Every structure is written in structure tokens, then in C-alpha cells.
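Novice: what follows is a predicted structure for the sequence shown.
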Amino acid sequence: MLMPSLFGESLLDDFFDMPSFPRFPGNHGAAGNIMHTDVRETANGYEIAMDLPGFRKEDVQAELKDGYLTVNASTNTSRDTKDDDGKYIRRERYSGSCSRSFYVGAQITQEDIKAKFENGVLKIAVPKKEAKPVVEDKKYIAIEG
């Protein structure tokens with residue numbers, strides 16, 4: 001759904017950036033910081049650095065299928081604060097997920113890709129592989145006569 005905008009800014013940005021409207025764990029109102037990705041080309045391949053603040057290693061999955069590398073992150077958190085009598089003063093729950101896909105090529109295999117998660121940043125190394133040119137086999141039809 002398209003939202004109206006004025007000079008490139010969404011009219012609802014101020015509402016959703018309010019601290020009382022948390023979108024992601026540990027990141028109140030700053031949903032724009034999730035899955036920010038930097039892709040750097042090196043001599044041997046590509047280095048992908050993806051910001052995943054508030055997520056743990058167990059919350060993140062990477063999958064390679066049909067030449068597409070897909071990174072999924074999901075979490076369920078609950079924060080309970082009780083007073084001395086055991087009554088809830090505050091109770092917050094969050095459940096959410098996000099996903100991002102990159103085309104890395106059909107010639108890349110799962111064993112070629114290396115990934116490391118630390119301090120809320122997922123780092124992925126994807127090697128360069130030359131695409132094998134498709135060789136057309138000429139098939140001749142026998143002509144009788």
C-alpha cells in the first residue's frame with residue numbers, strides 16, 4: 001500500500017517514530033536500523049555486513065536456494081517487571097521477523113559461503129565464481145534422398 005508523502009517523507013513517520021511504538025527489540029521506534037546492509041567487492045568475492053540489532057545468533061538463518069541467498073531473522077521477546085507483591089507493573093511482548101534476499105549466482109554452493117555473527121552484525125563472505133558460458137550443441141537432422 002502506498003502512503004502519501006510530502007517532499008520524500010512519509011506523513012506517518014512522526015507517529016511511528018514515537019518511543020511508545022517499539023517496532024523491534026531493543027530498538028524503540030528506529031526500525032530503519034534493521035537489516036542495513038553493506039556489500040563490498042573484494043578481489044576474491046563479496047563481503048556482506050548486515051546489521052541485526054537485538055537479535056541473537058539463534059534467531060538468524062541463512063539459506064541458499066536457486067542462486068538466491070536469503071537471510072531471515074525472527075524473535076519473540078517478553079519483558080516482565082513486577083513489584084514487591086508480585087504484581088505486574090509493566091509487561092511487554094514483541095514478536096517479529098524480517099528477511100532479505102540477494103542473487104549470488106547459480107554456480108555458488110552452500111559450502112562456498114562463510115558466515116559469522118557477532119555484536120549484532122552478520123558478516124557473510126561469498127566467493128566470485130565465473131559463470132560458465134553456455135555452449136550450444138548443434139544438432140543436425142539427417143536428410144534422406
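Specialist: Yep, that arrived. Numbering: from 1, shown residues only.
Novice: could you use CA atoms for every contact and neighbour count after this?
Specialist: Will do.
Novice: need the three-state assignment for residue 140.
Specialist: Counting by DSSP: H, G, I helix; E, B strand; the rest coil, the backbone at residue 140 sits in coil.
Novice: low-confidence stretches in this structure?
Specialist: 1-33, 131-132, 134 (pLDDT under 70).
Novice: could you rerun that using 80?
Specialist: 1-34, 77-95, 130-142, 145 (pLDDT under 80).
Novice: shouldn't residue 53 be within a helix?
Specialist: No: remark: residue 53 does not belong to a helix; assigned using three-state DSSP, it is coil.
Novice: now the spatially closest residue to residue 127 that is not a sequence neighbour: how far from residue 124?
Specialist: Computed as CA to CA, 6 or more residues apart in numbering, the closest residue to residue 127 that is not its neighbour in sequence is residue 45, at 4.0 Å. Residue 45 sits 11 Å away from residue 124, taking CA to CA, to the nearest Å as the criterion.
Novice: before we move on, what about residue 142?
Specialist: Distance from residue 142 to residue 124, by CA to CA: 53 Å.
Novice: now for the residue nearest to residue 127: which residues touch it?
Specialist: 125, 126, 127, 128 (CA atoms under 8 Å, 6 or more residues apart in numbering).
Novice: closest to residue 83 among the residues you listed?
Specialist: Nearest to residue 83, judged by CA to CA, of these is residue 125 at 47.7 Å.
Novice: give the helix, strand or coil label for that closest one.
Specialist: Going by three-state DSSP: residue 125 is strand.
Novice: try the one 5 residues further on
Specialist: Reducing the assignment at residue 130 to three states with three-state DSSP gives coil.
Novice: need the nearest residue in space to residue 57, chain neighbours excluded.
Specialist: According to CA to CA, 6+ apart, the nearest residue to residue 57 is residue 117 (6.2 Å).
Novice: who does the one you found bridge with?
Specialist: residue 122 (DSSP bridges).
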